[in-house]
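J.: Please find the sequence and the predicted model below.
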Amino acid sequence: MTSLCWNLAALLLFLSASPLLNSHHFTYAASTSPSVTHPQIKFITGLGSDKNYEDDYPDEEHPPEVLSSVRTPILQATPQLCQYDSCSENQEPCADLSRKTGCLCPGISGADVPPHAPRIQALLPISEGDDRGKIEVQWCAPSSVVSRYRVVIQGSEGDALEFGDVLRRGLVGSLEAGTKVCVEAVNKAGHNIPSDFSCMRYDPPASSDHELLIGVIGGGVAFLLLLIIAAVILWKYKMRQKAKRDSTDGLGNPSYNTEGTL
């Protein structure tokens, strides 16, 4: 009987202590179980706004970087051709103009190849000043690197005349009509091959004395024609007057007839 009471007392003591044990185990399990973290939802209300995102995310060192999806087009001006005239002399090189203004130069062959043929413009005689009687040769530069120009005269025994790379004209001596003149471009690789547009035959203009002679002859012929026309008109006038007098004399005597009887 005593042992039974003892067992009952031990059972009651165990049951009374079990809630504390269960709560301890529950607290330990709660402290050791991994915490469940819900993902943070971030809302972006606009692209490219000036809002300070540091207030929305205080726990982060840097706010999220927002990239704008709008691309700004880059407008480029249409390149223009350089204001360069290949027929004008003493100009600034086209390459220098391109570096300064960004303009475009025509394609130019390098100095390691013979240049293209220049284009001859005119052969003009000089009629005034100290160079009277000489011929001025004018040309245009080719699209090539040129170190100097040479003017070659057909049938000339002397050396060709040379001119600087920035020049576009030069004087030569008097030429006979029909003489062929060529302009050559030269660089360290050689010179161009003569072509139809780099050569020209000299055709002298009519002199003032010749024009005066033609004018005198033309005036004389015109005066002679006027005299002939005036003479013809005067002759016809006299013939008409004579015919009129003859007709008047015949009507003045009615007793006169062709048979000579009254």
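T.: Arrived safely.

J.: Wait, K188 touches A111, no?
T.: Yes: applying C-beta atoms under 8 Å, one finds K188 in contact with A111, separated by 5.8 Å. The C-beta positions use only the backbone N, C-alpha and C, and glycine is treated the same way.

J.: shared neighbours of these two, anything?
T.: Residues touching both K188 and A111 (C-beta atoms under 8 Å, 6 or more residues apart in numbering) are S147.

J.: Show me where the stretch 51-200 of the chain has its strands.
T.: Along the stretch 51-200 of the chain, counting by DSSP state E, counting those that start in this stretch, strands occupy 119-125, 135-140, 148-153, 161-164, 169-172, 180-187, 190-191, 199-201.

J.: So for G102, which of these sits nearest?
T.: Closest approach to G102 among the strands of the stretch 51-200 of the chain (C-beta to C-beta): strand 135-140, 25.0 Å.

J.: which residues does the nearest residue to S147 once chain neighbours are set aside contact?
T.: Closest residue to S147 apart from its sequence neighbours, by C-beta to C-beta, 6 or more residues apart in numbering: N187 at 4.7 Å. Contact partners of N187, counting by C-beta under 8 Å, 6+ apart, are 111, 114-115, 144-147.

J.: Is R169 in contact with I135, as I believe?
T.: No: at 10.7 Å, R169 does not count as touching I135 under the criterion of C-beta under 8 Å.

J.: neighbour count winner among these two?
T.: Neighbours were counted for R169 and for I135 using other C-beta atoms under 10 Å; I135 has more, 22 against 16.

J.: May I have the beta-bridge partners of that one?
T.: P125, V172 (DSSP bridges).

J.: for it, what are its contacts?
T.: Counted by C-beta under 8 Å, 6+ apart, I135 has contacts 123-126, 171-175, 181, 202.

J.: Same list (the strands of the stretch 51-200 of the chain) but as TSV, adding mean pLDDT and distance to F223.
T.: Formatted as TSV, the strands of the stretch 51-200 of the chain follow (pLDDT from 0 to 100; distance: least, C-beta to C-beta, whole Å):
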stretch	mean pLDDT	distance to F223
strand 119-125	95	33
strand 135-140	96	39
strand 148-153	94	45
strand 161-164	94	50
strand 169-172	94	44
strand 180-187	95	43
strand 190-191	94	58
strand 199-201	95	39
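
J.: Ok, which of those strands comes nearest G220?
T.: strand 119-125 (29.4 Å).

J.: Report the buried residues of the closest one.
T.: For strand 119-125, the neighbour count (16 or more other C-beta atoms under 10 Å) marks 119-121, 123, 125 as buried.
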